[in-house]
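*Asks:* Predicted model and sequence follow; I will ask about them next.
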Amino acid sequence: MEIKKYIWKEKKKNIFGLPWTFTTYAFDEDSLDIKTGLLVQHYEEIRLYRIRDFTVTMSLIQRIFHLGTIHVCSADSTTPEINIINIRNPLEVKDKLAKQVEIAKSKVGVHTSEFINVQAGGYHR
């Protein structure tokens with residue numbers, strides 16, 4: 001069994017910034033991996049080229065403890081959305097993940113097109 005070499009890996013923190021939870025988030029050059037549970041473990045993998053968008057939120061309590069949540073939207077049919085909750089330096093992690101997503105998309109030849117408003121009432125691709 002091949003051991004993954006993660007670019008980033010962190011345990012979900014509790015509200016006081018301590019890693020006393022049973023959730024681990026990590027990503028390598030190909031996938032975002034989420035492992036949850038103690039007695040019964042659940043593994044979720046989202047291929048990076050399927051990720052479409054990110055949103056970072058930091059509540060007042062999270063900001064006090066230097067934490068935040070990254071909301072990930074993907075084209076994955078089983079996991080179209082996931083939250084990476086209570087992690088340190090969420091903006092830096094989001095930037096690293098976004099960079100790796102772009103690398104993964106170009107590696108597999110995935111191109112996205114976005115609609116932009118050209119004129120009032122009209123969209124152009």
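*Replies:* Yes, it's here.

*Asks:* who touches residue 30 in this structure?
*Replies:* By C-beta atoms under 8 Å, 6 or more residues apart in numbering, residue 30 lies in contact with 47, 48, 104. C-beta: built from backbone N, CA, C; applies to glycine.

*Asks:* whoops, residue 47 was the one
*Replies:* Per C-beta under 8 Å, 6+ apart, neighbours of residue 47: 30, 31, 76, 104.

*Asks:* Roughly how far does it sit from residue 28?
*Replies:* Applying C-beta to C-beta, to the nearest Å, the value for residue 47 to residue 28 is 11 Å.

*Asks:* hang on, the earlier thing: show me which of the contacts of residue 47 is closest to residue 84.
*Replies:* Distance ranking of the contacts of residue 47 against residue 84, using C-beta to C-beta, places residue 31 first at 13.5 Å.

*Asks:* which element is the closest residue to that closest one other than its chain neighbours on?
*Replies:* Spatial nearest neighbour of residue 31, chain neighbours left out: residue 45 (4.9 Å); criterion: C-beta to C-beta, 6 or more residues apart in numbering. In this structure, residue 45 sits in strand 42-47 according to DSSP states H and E.

*Asks:* Parallel or antiparallel, which strands does that strand pair with?
*Replies:* strand 31-36 (antiparallel) (DSSP bridges).

*Asks:* Helices of the chain, residue ranges please.
*Replies:* 60-64, 90-108 (DSSP state H).

*Asks:* before we move on, the earlier item: quickly list what the residue nearest to residue 31 is bridged to.
*Replies:* Where residue 45 sits in a bridge, its partners, by DSSP bridges, are residue 33.

*Asks:* What number of neighbouring residues does residue 70 come out with?
*Replies:* 21 (other C-beta atoms under 10 Å).

*Asks:* Is it correct that it is in contact with residue 56?
*Replies:* Yes - using C-beta atoms under 8 Å, residue 70 is in contact with residue 56, at 5.5 Å.

*Asks:* so what sits against both of the two?
*Replies:* 90, 94.

*Asks:* residue closest to the middle of this structure?
*Replies:* The chain has residue 72 as the residue nearest its centroid, 4.8 Å off, counting by C-alpha atoms, centre = their mean.
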